[in-house]
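kindly generate the corresponding structure for this input.
(2 chains)
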Amino acid sequence: MPCANCVDRTCFTGKGKMPEGCPEKNRRESRSQESMSGFVEFVAQTRKKHITRINEVIEYARFMQMEKIGIASCIGLHDELRVVNKMFKKAGFHTASVMCKTGSIDKKSVGVPSRFRMTSQTGYVIGRAACNPVAQAMVLNREKTDLNCILGLCVGHDSIFMKYAEAPTAALIAKDRSNGHNPAAVLYNFYGDNFFKRRPNPEGAFKYNVRRIRPIDIYRMIKEKMRR
Amino acid sequence: MSNIQCVSCFQQLCVGGGFQEKNYCPKNVYPEVYVDAEAAYATDVETRNMARNAAIIESRGYIVWPRLKDIIEFAKAMKYARLTVFFCPDLWTEAKKTCRILAENGFTVSSRVCRVCKYPPQMPSDFIDDIMSTNPDFVINAGLCFAQEAQISKELNIPATTFIARDGVLNNYPAAAIYCSNHWKDWAEDVYRKKFGLR
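The predicted structure is shown next:
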């Protein structure tokens, strides 16, 4: 399914060709049309409203008539968690929140080698306690939350938490330490292209600021050296 | 039923190995959960492997790597070959670029667009049939609504992460809503006055 590389986007515009392997070509009828018909209208309405993601959570919880929201957060985002907890309480929900280093199991017990344990490879102190997403999910299951928000978990811990949690879970903030929790910034600017080696040299600087070396210049340089 | 709140904790002793002897601390209230959790790490091979690789990658690129690099390195460490990117029609260009970067790093990438709010609508269960037909090892959510993402997480059995959290107002940066709020400003004023010795 190469949906991202589609040119004509026939399923939205209604014109042009469908590419090979398009899932719209031979589509079957959906399994559960009647039970989820309200959900589709709700999503379409919230997209028209142009509200932020935190408001989106509140609208969704009100639509599904949920009472208790669980928040699983990173320990580095404790200050952000305070504000989010206040916002949910003001909207009229009960909350339960768990940090990622609960229980403080050693990284040795998970099987991490010693050079990755106390300080990071880039030279920061990260501690010897491992993140514990399984216990995070189990505690929130005991609390009987109706909805779980992920407030900035790492890439692997994110998917472990989703595996063990019983209530529907989704990410409220995607963590990115290098960009201030804005992971999409990599795709928009020059530095992101530079990081993934998509543009090895700054193109504009090469064109206008750096003088090109012509064959005559090399000839002159050699001649100067010969004189000495 | 007690109310567990790590928000009201002020010391964060669990980094060093301790816990608060209070009503809100989960280690104090549910000590039997942590025995189950350690048993889960010991018995289940997949979770143990995922937790190990995530901890290694966290220390390898702490503060330096962006999230997309983390995803690439995690998928390489877990030996995932097939990835699917699942995205919103608002973020078509972003999804195109992520697919190109993932394909350059040697994965076979397939992608699927979300069509819940367009006419004729499709249900979340239909997307899962389409996604599972390609046998992916890993699913990357590049910008979905909160409601759609929560609905999908019930039915997906394969590991998934979010790369972008979609936000229509703040240009896919939901954390900006927190940093612009009055709660944050009031709190930050007090802290930074003490830190820098300002009046």
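
list the contacts for A:A129?
A:101, A:104-107, B:14-17 (C-beta atoms under 8 Å, 6 or more residues apart in numbering or on different chains). Placement of C-beta: from N, CA and C, glycine included.

can you say which of the residues you listed are buried?
A:101, A:104-105, A:107, B:14 (16 or more other C-beta atoms under 10 Å in any protein chain shown).

identify the farthest-apart pair in those.
Largest separation among those by C-beta to C-beta: A:K107 and B:C14, giving 13.8 Å.

number of nearby residues for whichever residue of chain A sits closest to chain B?
Chain B sits closest to A:G156 of chain A, with a gap of 2.6 Å, by C-beta to the nearest C-beta. For A:G156, the neighbour count with other C-beta atoms under 10 Å in any protein chain shown is 28.

quick one: the residue lying closest to it once chain neighbours are set aside from B:P124, how far?
If the residues on either side of it in the chain are set aside, A:G156 comes closest to B:A54, at 2.6 Å by C-beta to C-beta, 6 or more residues apart in numbering or on different chains. Taking C-beta to C-beta, to the nearest Å as the measure, B:A54 falls 27 Å from B:P124.

what stretches of chain A score poorly on pLDDT?
Counting by pLDDT under 70, chain A shows low-confidence ranges at A:26-36, A:199-212.

residue nearest the centroid of it?
Nearest to the mean C-alpha position of chain A, counting by C-alpha atoms, centre = their mean, stands A:A174 at 3.7 Å.

give me the nearest residue to residue 91, chain neighbours excluded.
I went with chain A, as the question did not name one. A:A91 sits nearest to A:I58 (C-beta to C-beta, 6+ apart), 4.8 Å away.

oops, wrong one, chain B.
Per C-beta to C-beta, 6+ apart, closest to B:L91 is B:G143, 4.0 Å.

same question for B:E104.
Nearest non-adjacent residue to B:E104 (C-beta to C-beta, 6+ apart): A:F196, at 7.6 Å.

ok, the residue nearest to the centre of chain A - contacts?
Counting by C-beta under 8 Å, 6+ apart, A:A174 makes contact with A:152, A:181, A:183, B:67, B:162-165.

could I get the phi/psi values of it?
phi -90, psi 130 (degrees, to the nearest 10).

state the distance from B:D190 to chain A.
Computed as C-beta to the nearest C-beta, to the nearest Å, the B:D190 to chain A distance reads 12 Å.

please apply the same query to B:L102.
For B:L102 relative to chain A (C-beta to the nearest C-beta), the value is 10 Å.

which parts of the helix or strand encompassing that residue are buried?
For B:L102, the host element (DSSP states H and E) is helix B:92-104. Going by neighbour count (16+ other C-beta under 10 Å), the buried part of helix B:92-104 is B:92, B:94-99, B:101-102.

count the neighbours of residue 109 for me.
The chain I'm using is chain A. Neighbour number of A:S109 under other C-beta under 10 Å is 13.

can you look at chain B instead?
22.

in space, what's closest to B:R60 - neighbours in sequence excluded?
A:Q121 (5.0 Å).

kindly report the same for A:F42.
Closest to A:F42 by C-beta to C-beta, 6+ apart is A:F63, at 5.3 Å.

next secondary structure after the helix or strand containing the residue of chain A closest to chain B?
Assessed by DSSP H and E, A:G156 sits inside helix A:155-164. As assigned by DSSP H and E, the chain's next helix or strand after helix A:155-164 is strand A:169-173.

that following strand packs against which elements?
helix A:53-63, strand A:147-151, helix A:155-164, helix B:146-155 (3 or more C-beta pairs under 8 Å, 6 or more residues apart in numbering or on different chains; DSSP states H and E).

and the first one with helix B:146-155, angle?
I take that to be helix A:53-63. 60 degrees (axes from the mean of the first three to the mean of the last three C-alpha atoms, to 10 degrees).

before we move on, what SS does the residue of chain B found nearest chain A have?
The nearest approach of chain B to chain A comes at B:A54, 2.6 Å away (C-beta to the nearest C-beta). Here B:A54 is recorded as helix under DSSP: H, G, I helix; E, B strand; the rest coil.

contact partners for B:L91?
B:L91 neighbours (C-beta under 8 Å, 6+ apart): B:142-143, B:164, B:166, B:172.

top of those by neighbour count?
Going by other C-beta under 10 Å, B:I164 tops the contacts of B:L91 with 30 neighbours.

pLDDT wise, what is that residue at?
B:I164 carries a pLDDT score of 95 in this model.

ramachandran coordinates for the nearest residue to it once chain neighbours are set aside?
Distances taken as C-beta to C-beta, 6+ apart put B:G143 closest to B:I164, at 4.3 Å, once the chain neighbours are dropped. Torsion angles at B:G143 (phi, psi; degrees, to the nearest 10) stand at phi 80, psi 80.

per-residue confidence for B:G143?
89.

so is stretch B:147-159 next to chain A?
Yes. Counting by C-beta under 8 Å from any C-beta of the partner chain, chain A is contacted by stretch B:147-159 at B:147-151, B:153-154, B:156, B:159.

show me which of those are buried.
Among those, the ones that count as buried by 16+ other C-beta under 10 Å are B:147-151, B:153, B:156, B:159.

mind putting the residues you listed in a markdown table, pLDDT included?
Formatted as a markdown table, those follow (pLDDT from 0 to 100):
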| residue | pLDDT |
| --- | --- |
| B:A147 | 92 |
| B:Q148 | 91 |
| B:E149 | 92 |
| B:A150 | 93 |
| B:Q151 | 89 |
| B:S153 | 89 |
| B:L156 | 89 |
| B:P159 | 94 |
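
nearest to A:P19, of those?
Distances from A:P19 to these, taken by C-beta to C-beta, are shortest for B:Q148, at 23.8 Å.

and the closest one, how far is that from B:T134?
19 Å.

before we move on, what about B:S153?
For B:S153, the distance to B:T134 - C-beta to C-beta - is 19 Å.

and the helices in chain B?
Assigned by DSSP state H, the helices in chain B fall at B:26-29, B:32-43, B:45-60, B:67-77, B:92-104, B:124-132, B:146-155, B:176-179, B:182-196.
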